[in-house]
Every structure is written in C-alpha cells, then in structure tokens.
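1. Predicted model and sequence follow; I will ask about them next.
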Amino acid sequence: MSDAILTCILLNIPTTTLTLYVSLAMQHCYVSLRKLFISGLLLGILVTIYRNLPIPFGLHIPLFILTLIVAVQHLGNNTWGMSCLFSMATYLITAVGEYLTASILVALGMPIKEIVKSTWLIIMAGWLSNIFLVAFAVALSIRHAKVSVRQ
C-alpha cells in the first residue's frame, strides 16, 4: 500500500496535472493554478485507484482517458468532442513517451517485468516517459506568455 501512495505522490499526481494542463492549454483554456492542482490531485488519486483495482492489466488506461475527458470538458467548458480530441491528443503524447522509454530501457537490458517490481524504477521510468509531456507544457506555456504580452 505504501508503494501505491509513493507512486501516487511522486508520479501519478504530477503526471495527471501535466496531462490536464496540456489538454486545456491546447484549446487555449487556462484555469487557475489552484483549480489545476486540485483537479490533477483528484485525477492522480483516481489513476492510483484504477491501477490497483483487480481488473485486467491495461484497463486502467481507458478508465483514465474517460475521466480525463470529463475533467477537460468540465474545466474547459468546451464541447465533448473537442474535450475528447484534446484529451486523446495529450494521451498520445504520453503513449509515445512511454513507448520510447520502454524501448530504451529494454535496449539497456532492463526488462519491463523487472521494472514493474520496483517502485523507484516505476517512478524513474514514468518521469522519463513524461519528457514529451513536459516539453509540450513548456512550449504551450511560452506560447501563452507571448500571446498575453501581445494583448
């Protein structure tokens, strides 16, 4: 249980907050840091719960995507279609990062079965896979700052 809490605090909450930020920023919707953090916190806790449910491996992904779509729609006050589009685009960025990270770790001789046995390796691999998400968040932040200065 302590592993799940540690993973939630150090990986899931920051990742879901970044995912939510990127999904909203792509639609030019910016919410207060307080709303973003609280929503990211709730999503991170839900992801942790989804991952620890006795369901087939990988089923937590569509559950998270559905939850993300609802959160983006609620915070962004956009149509369901646009919320779905931007949520899926953000998740695609995450999936590419996870695929590249897994490929690199396997090439370095670290089998996925060994990585999932260690909480710290899961957190390390999770942050490596978040590199693209962080890059998109920074790029969208810079774009928002430039647009704000022009106005």
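-> Cool, got the structure. Numbers count the residues shown, from 1 in each chain.
2. Please, which helix or strand holds the residue nearest to Val96 when sequence neighbours are not counted?
-> The shortest distance from Val96 to any residue other than its chain neighbours is 6.1 Å, reached at Phe132 (CB to CB, 6 or more residues apart in numbering). For the C-beta atoms, the positions are set from N, CA and C on the backbone; glycine is no exception. Element membership for Phe132 (DSSP states H and E) is helix 131-150.
3. which residues sit against that helix?
-> Residues outside helix 131-150 that contact it (CB atoms under 8 Å, 6 or more residues apart in numbering): 15, 18-19, 21-22, 25-26, 28, 30, 90, 93-94, 96-97.
4. wait, doesn't Ile45 sit right on Cys8?
-> Yes - counting by CB atoms under 8 Å, Ile45 touches Cys8, with 6.4 Å between them.
5. quick one on the thing from earlier: count the residues that sit near the residue nearest to Val96.
-> Phe132 has 18 neighbouring residues, counting by other CB atoms under 10 Å.
6. and the next element down the chain from the longest helix anywhere in the chain?
-> The single longest helix within the chain, with elements called by DSSP state H, is helix 80-107. Sequence order places helix 112-115 as the next helix or strand after helix 80-107, per DSSP H and E.
7. Show residues contacting that following helix.
-> Contact with helix 112-115 is made by 102, 105-106, 121-122, 125, as judged by CB under 8 Å, 6+ apart.
8. Rounded mean pLDDT for the helix or strand that that helix is followed by, please.
-> For helix 112-115, the succeeding helix or strand toward the C-terminus, using DSSP H and E, is helix 119-129. For helix 119-129, mean pLDDT is 91.
9. From the contact counts, what lies against helix 119-129?
-> Packing partners of helix 119-129 (3 or more CB pairs under 8 Å, 6 or more residues apart in numbering; DSSP states H and E): helix 2-7, helix 80-107, helix 112-115.
10. So which helix or strand of this protein has the lowest pLDDT on average?
-> Across the helices and strands of the chain, the lowest-confidence element by mean pLDDT, DSSP states H and E is helix 131-150, at a mean of 83.
11. Dump that one to PDB, restricted to CA.
-> Included here for helix 131-150 are C-alpha records, laid out as PDB according to Å, rounded to 0.1, in the frame of the first residue of the first chain:
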ATOM      1  CA  ILE A 131       9.700  14.200 -21.100                       C
ATOM      2  CA  PHE A 132       7.500  14.900 -24.100                       C
ATOM      3  CA  LEU A 133       4.600  16.000 -21.900                       C
ATOM      4  CA  VAL A 134       6.900  18.400 -20.000                       C
ATOM      5  CA  ALA A 135       8.200  19.700 -23.300                       C
ATOM      6  CA  PHE A 136       4.700  20.300 -24.600                       C
ATOM      7  CA  ALA A 137       3.700  22.000 -21.300                       C
ATOM      8  CA  VAL A 138       6.700  24.300 -21.500                       C
ATOM      9  CA  ALA A 139       6.000  25.100 -25.200                       C
ATOM     10  CA  LEU A 140       2.400  25.900 -24.500                       C
ATOM     11  CA  SER A 141       3.300  28.000 -21.500                       C
ATOM     12  CA  ILE A 142       5.700  30.000 -23.600                       C
ATOM     13  CA  ARG A 143       3.100  30.400 -26.300                       C
ATOM     14  CA  HIS A 144       0.600  31.600 -23.800                       C
ATOM     15  CA  ALA A 145       3.100  34.100 -22.300                       C
ATOM     16  CA  LYS A 146       3.800  35.500 -25.800                       C
ATOM     17  CA  VAL A 147       0.100  35.900 -26.600                       C
ATOM     18  CA  SER A 148      -0.600  37.500 -23.200                       C
ATOM     19  CA  VAL A 149       2.200  40.100 -23.800                       C
ATOM     20  CA  ARG A 150       0.800  41.000 -27.300                       C
END
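12. Good, wrapping up.
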